[in-house]
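Undergrad: Let me see the structure of the following:
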Amino acid sequence: MRTLKLISLLSAGFALATTANAQFCVDSAGGGAIFDQGGTFPTTMPGASSACVTVPGNVTSITSVDVAGLNHTWMGDVQMTLEDPNGVEHLIFLRPGYLNTSNFGNSGDFLVGDYSFVESGGAALPSSSSGVSIGGGSYNQSFTSGGVAWTDGQNGINNTAMSAISGPQGDWCVNFYDWAGGDSGGFTGVTVCGETDGNECYLTIGSGPGDASFTPDDVTIQTNLDNVDLHYAVLLNSMPEFVIPSVRPAVFGNNGSVRLTQRPTRSFAVQVQMYNPEVFPTNPHHHSNGLLVNIDNLGNVNTVSFGSGTMSVWAQTGTNHSGERIVKFPFTMPQ
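TA: Okay, here's the model as predicted:
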C-alpha cells in the first residue's frame, strides 16, 4: 500500500473534516472512595471525591458520563457533578429520593456496577425515600431529588443539560459529594464522552522522530502493543489506549517449575500533529513536542522528550475496565 508523509497527505487534497465536530470518549486513570466530608445541605458543600480526564479539544457538548464500579450504601447521600477546566460545575444528579431533612433520601444502594448517565433515553433514578437499590445501567441526568430541586447556580453548580455543556480542552472532573455520614462507597474510574469543535489531530507513531507515515485508509488503530505497526497515524476522535503486554508465568521442565516469561522490549517515537486552517488560519499546522517511548521486558513505560512545538504530549499509564495495563498519550491544544 502506498504510504504518504503527513504533509504530502494534506497537500494532495485528501479531505480533513475541519468543520465537523469530532466525538470523544476519555477515561480516567482510576477512581476512589466516596464518603462524607462535612457540609450542610444545600448551602455548604462537602469535600468532593473526584476523578479527572484530559479532553483533547474544545468541548461543544457532552453525551454521557460513565462511572465504572460505582457503589454506595444509601444512594440518597450522593450528588454528582461534571466540572470543566475553568472550574464551572454542571449537575448530573442530585441525592435520589431526598424529600426533606427528616428522611435523608433513598435508603437503597448503588450496587457495584457500571453506570452511564445521559441527558435522556435512560431510566429515572429513584425519586422516593423508600429503600430501592439499583444496579448498573443507563440513567437520566436529573436536577431534582424527587422532592427537592437544585437551585441553578447555587454553590457554582449549574443545571445545564448535557447537550449544552461546553468548555475548553483540558482536565474535566467528575465530582461526587456525600452529604451524610454513616454510609460510604467508591468507584474504579470514570469516562467522559462528548463532541469537540472539530480540530483534526493525529497521533503519529514511528520508529524514530519524524518518520511516522500513513495512508488515507489508516483511520483505525490496533491498540495491542503486540500488534502495533510503527508507521501509522490515527485521527484522535477519542483518546486511544494501548494495552501493555503482560508478563505471564510459564511452566518449564518436567518438574513443573514456574518463572515469569519476560516480553520483548519495545521502543518507538510518539508525536501529535494537527492541521486546522479554519480555527488557526494564519498557522494551520501545529506540532507537539515528541516522546521517545521505551517499554521494557517487564512492561514498565519510560519516556524521554524531544523537540518542541505548540502542543505538548505525555504518557499516561493506568488500567482499563478489563484489568489490563494500558498507556495513552494525552496532549494539550494550541490556544
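Undergrad: Pull out the buried positions in stretch 171-190.
TA: By 16 or more other C-beta atoms under 10 Å, the buried positions in stretch 171-190 come out as 172-180, 183-190. C-beta: built from backbone N, CA, C; applies to glycine.
Undergrad: With only the CA atoms kept, save it in CSV.
TA: Taking Å, rounded to 0.1, in the frame of the first residue of the first chain, the C-alpha atoms of stretch 171-190 are listed here in CSV:
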residue,chain,number,x,y,z
ASP,A,171,-9.0,18.4,32.6
TRP,A,172,-12.7,17.6,33.1
CYS,A,173,-13.5,16.2,36.5
VAL,A,174,-16.4,14.1,37.8
ASN,A,175,-17.1,15.1,41.4
PHE,A,176,-19.1,13.1,44.0
TYR,A,177,-20.5,14.9,47.1
ASP,A,178,-21.6,12.7,50.1
TRP,A,179,-23.9,14.8,52.2
ALA,A,180,-24.4,12.5,55.2
GLY,A,181,-22.3,10.3,57.5
GLY,A,182,-22.7,6.6,58.3
ASP,A,183,-22.6,5.3,54.7
SER,A,184,-19.9,5.3,52.0
GLY,A,185,-18.9,3.8,48.7
GLY,A,186,-16.5,4.2,45.8
PHE,A,187,-15.8,3.8,42.1
THR,A,188,-13.0,2.5,40.0
GLY,A,189,-13.0,5.0,37.2
VAL,A,190,-14.9,7.5,35.0
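Undergrad: Give the rounded mean pLDDT of it.
TA: Average pLDDT, stretch 171-190: 95.
Undergrad: do stretch 65-75 as well
TA: 96.
Undergrad: Can you point out the buried residues in that stretch?
TA: Val65, Asp66, Val67, Ala68, Gly69, Leu70, Asn71, His72, Trp74, Met75.
Undergrad: repeat for stretch 122-133
TA: Gly122, Leu125, Pro126, Ser127, Ser128, Ser129, Val132.
Undergrad: any idea of the mean pLDDT for it?
TA: 94.
Undergrad: Dump that stretch to PDB, restricted to CA.
TA: Output of stretch 122-133 as PDB, limited to C-alpha atoms (Å, rounded to 0.1, in the frame of the first residue of the first chain):
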ATOM      1  CA  GLY A 122     -32.100   6.100  30.200                       C
ATOM      2  CA  ALA A 123     -34.000   5.100  33.300                       C
ATOM      3  CA  ALA A 124     -35.100   7.600  36.000                       C
ATOM      4  CA  LEU A 125     -33.200   7.400  39.300                       C
ATOM      5  CA  PRO A 126     -35.400   6.600  42.300                       C
ATOM      6  CA  SER A 127     -37.500   9.600  43.500                       C
ATOM      7  CA  SER A 128     -38.900   8.200  46.700                       C
ATOM      8  CA  SER A 129     -37.200   7.800  50.100                       C
ATOM      9  CA  SER A 130     -38.100   4.100  50.400                       C
ATOM     10  CA  GLY A 131     -35.100   1.700  50.000                       C
ATOM     11  CA  VAL A 132     -34.800   0.900  46.300                       C
ATOM     12  CA  SER A 133     -31.300  -0.400  45.300                       C
END
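Undergrad: Tell me how far it lies from the chain's centre.
TA: Relative to the centre of its chain, stretch 122-133 is centred 27 Å away, using C-alpha atoms, centre = their mean, to the nearest Å.
Undergrad: from memory Gly194 sits against Thr60, does it?
TA: Yes. Using C-beta atoms under 8 Å, Gly194 is in contact with Thr60, at 7.4 Å.
Undergrad: And those two? Which one has more around it.
TA: Comparing Gly194 with Thr60 by other C-beta atoms under 10 Å, the one with more neighbours is Gly194, at 26 against 17.
Undergrad: Brilliant, that's me finished.
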